[in-house]
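K.L.:
no sequence on this one, just coordinates:
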């Protein structure tokens, strides 16, 4: 069996121009791979620690040289000589080396880079595509994209409180067609916004970031774009939301200050979402309430979970302990899965296993600070959950994931499966 011959890391830049970690790993059979770690802007307070240098003289304190050094000086020495296919063992050794509950010593960015690189090296050494290596012969399901086409919240300097308005091509017959549906809607939306006198610059994840008159107008113009692109709202293309409510929550109150739409209680937010469900073809709401409002999440799920997908992101942070609690308390009915929230491939798979056991959906997700690495595209097919969230039909770090999925669908040929869990 091939073994790890070398591991090294370097500081690179993500899609927002901030430092992140890239890990290079080689095997004794000549296999050489790299893996780059994403970084979030809208982060949950319980996420694994992304280690930053704090040196204000470099990158305003956001440098990752400490994380790089931890890979080069600590992790590498522990893992040299191991079989890269022993993913769980490799990840467990790094957790033991870190010795903290939230990866604060070595940094989740350092640990995840190595974890991803090990998986990629094992796949390449076995002469298997990454999705087949991680998912086995049954990894044939392509995910429905949640395409972020309009931004607000922390992802844009505009008048929209909610962070992401996404289109989901739930009625498309293939992934390639789903991507076309979404891209055509995106370009149509740009024309509509232009005609209305709105700016058509884009936010962190490639969605447009206009100063709209209200949060509701975001849904209105998206429905208009779906129709103008020649599709039927709710049948061909639906809407998914990520309000990222923690970003406008404080002391029990949700303040819709960017749009000037006032302050609301938990019950009033749930009622607002209820009105939107009646007015727009919404099939999924992620983080509609604050990350610590567990009772509010349960209340929303009880009221609306039979109609739509209620997704927990910041409330669960891809952590199996939090997901286990959420299942017991009926907090949601779906989980957003982000590799860097928990920090290893093994722990991420464990969290997905809990979702499967509970009959919950799960969505493989990018971060606002991305790289050209396409690991998550293969991972989405490997896990077979049928949903991926990786940004708009714009910006190359987002398109790289979509293009990789096109490659996988073509490679699978007639074995490829495409169906929406929300159709």
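P.N.:
Great, that's in hand. As the structure is a computational prediction, the values presented were derived from the model and not from experiment.

K.L.:
the helices in the stretch 51-200 of the chain, which residues?
P.N.:
In the stretch 51-200 of the chain, the segments counted as helices under DSSP state H, counting those that start in this stretch are 65-70, 76-79, 87-98, 108-125, 130-135, 175-195.

K.L.:
so of these, which one's packed in deepest?
P.N.:
Ranked by mean neighbour count, those are led by helix 108-125 with a mean of 27 (mean count of other Cβ atoms under 10 Å). Heads up, the C-betas are built off the backbone N, CA and C, glycines and all.

K.L.:
please state the offset of it from the chain centre?
P.N.:
Chain-centre distance of helix 108-125: 18 Å, with Cα atoms, centre = their mean, to the nearest Å.

K.L.:
so what sits opposite the residue positioned nearest the centre of the chain in the bridge?
P.N.:
Most central in the chain under Cα atoms, centre = their mean is residue 365, positioned 1.7 Å from the mean C-alpha point. Beta-bridge partners recorded for residue 365 (DSSP bridges): residue 389.

K.L.:
output the helices of the stretch 51-200 of the chain as a markdown table; include the columns mean pLDDT.
P.N.:
Listed next are the helices of the stretch 51-200 of the chain as a markdown table, based on pLDDT from 0 to 100:
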| stretch | mean pLDDT |
| --- | --- |
| helix 65-70 | 98 |
| helix 76-79 | 98 |
| helix 87-98 | 98 |
| helix 108-125 | 98 |
| helix 130-135 | 98 |
| helix 175-195 | 98 |
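
K.L.:
what's the closest of those helices to residue 152?
P.N.:
Nearest to residue 152 among the helices of the stretch 51-200 of the chain is helix 175-195; the distance by Cβ to Cβ comes to 13.6 Å.

K.L.:
residues in contact with that closest one?
P.N.:
Under the criterion Cβ atoms under 8 Å, 6 or more residues apart in numbering, residues 142-145, 147, 149-150, 167, 169, 171-172, 199-200, 208, 210, 221-222, 224-226, 228-231, 236-237, 392-394, 402, 405-406, 409, 416, 418 lie in contact with helix 175-195.

K.L.:
any idea how far that helix is from the chain center?
P.N.:
Put simply, helix 175-195 sits 21 Å off its chain's centre (Cα atoms, centre = their mean).

K.L.:
with distance to residue 315 added, can I get the helices of the stretch 51-200 of the chain in CSV?
P.N.:
Converted to CSV, the helices of the stretch 51-200 of the chain look like this (distance: least, Cβ to Cβ, whole Å):
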stretch, distance to residue 315
helix 65-70, 26
helix 76-79, 33
helix 87-98, 23
helix 108-125, 18
helix 130-135, 26
helix 175-195, 27
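
K.L.:
can you give me the helices for the stretch 251-400 of the chain?
P.N.:
Using DSSP H, counting those that start in this stretch, the helices of the stretch 251-400 of the chain run over 266-279, 294-304, 320-329, 339-342, 345-358, 375-383, 396-412.

K.L.:
residue 343 contacts residue 112, correct?
P.N.:
Yes. Residue 343 lies in contact with residue 112 (Cβ atoms under 8 Å); the separation is 5.0 Å.

K.L.:
so how far is residue 383 from the residue nearest to the centre of the chain?
P.N.:
Using Cβ to Cβ, to the nearest Å, we find residue 365 at a distance of 12 Å from residue 383.

K.L.:
what sits in contact with each of those two?
P.N.:
Common neighbours of residue 365 and residue 383 (Cβ under 8 Å, 6+ apart) are residue 337.

K.L.:
what's the closest non-adjacent residue to residue 142?
P.N.:
Computed as Cβ to Cβ, 6 or more residues apart in numbering, the closest residue to residue 142 that is not its neighbour in sequence is residue 175, at 3.9 Å.

K.L.:
roughly how far does the one you found sit from residue 297?
P.N.:
Computed as Cβ to Cβ, the residue 175 to residue 297 distance reads 31 Å.

K.L.:
can you check residue 172 too?
P.N.:
With Cβ to Cβ as the criterion, residue 172 and residue 297 are 30 Å apart.

K.L.:
which residues touch residue 407?
P.N.:
Residues near residue 407 by Cβ under 8 Å, 6+ apart: none.

K.L.:
for it, give its distance to residue 184.
P.N.:
In terms of Cβ to Cβ, residue 407 sits 21 Å off from residue 184.
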